[in-house]
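>>> predicted model follows, preceded by the sequence.
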Amino acid sequence: MAEPRYGLMPIHGYDIAAAAVLHMLDGEDGRGLRARGLGPGESVPYGVQPVIVAPSTVYGTVALEGLLRGWPTGLVPTPWLVVVADAPVRPAPAARYRLRALAGRLAGIAYLPYLPALRAVERVEDALADEAVARAAARLRAQLEGK
């Protein structure tokens, strides 16, 4: 099996949002595993694009800033950031400010809207069956793949 294309690094561990993003990046093209979760301290495999997943909270952006402060520039690719909305409103001003300030250290920022289905499922596969989640997955893949 070929190496995955994306290495997922959730800021706060593997909750339903991180699990959903991991499955979203796998795609629907039948090519098998395209994303793999990376554990704390695990190095990014050669040729794999790192993708950080963070909630749209101030706490999440503070943790992101700490991670990026120690990012080994030149040794691994610049990471993408996927910001997952934690509520159906805009992020707090302090979170928006920090995301703008950190944008230059990232390959790009993709925003996932608040997805109510993520609160009501037992398995991530159930969430991906939701129409809004499926649309968000397609937009996320298109953005990361530059389409």
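That came through fine.
>>> ok, what's across the strand from residue 6?
residue 35, residue 49 (DSSP bridges).
>>> OK, contacts around it?
25, 34, 35, 36, 48, 49, 50, 51, 144 (C-beta atoms under 8 Å, 6 or more residues apart in numbering). Heads up, the C-betas are built off the backbone N, CA and C, glycines and all.
>>> could you dump these to CSV with neighbour count, distance to residue 110 and pLDDT?
Listed next are the contacts of residue 6 as CSV, based on neighbours: other C-beta atoms under 10 Å; distance: C-beta to C-beta, whole Å; pLDDT from 0 to 100:
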residue, neighbour count, distance to residue 110, pLDDT
25, 26, 10, 90
34, 16, 15, 85
35, 21, 13, 88
36, 17, 18, 89
48, 19, 17, 92
49, 20, 12, 94
50, 19, 13, 95
51, 26, 9, 96
144, 20, 6, 91
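>>> how about the strands in the protein?
Secondary structure of the chain by DSSP state E: the strands cover 6-10, 35-37, 49-55, 80-84, 108-112.
>>> where does this protein have low pLDDT?
1-2, 27-33, 147 (pLDDT under 70).
>>> which helix of it spans the most residues?
helix 131-144 (DSSP state H).
>>> for it, name the packing helices and strands.
Packing partners of helix 131-144 (3 or more C-beta pairs under 8 Å, 6 or more residues apart in numbering; DSSP states H and E): helix 16-26, strand 108-112, helix 124-128.
>>> enumerate the positions of that helix that are buried.
133, 136, 137, 139, 140, 141, 144 (16 or more other C-beta atoms under 10 Å).
>>> now do stretch 72-83
By neighbour count on 16+ other C-beta under 10 Å, the buried set for stretch 72-83 is 76, 79, 80, 81, 82, 83.
>>> much appreciated, bye for now.
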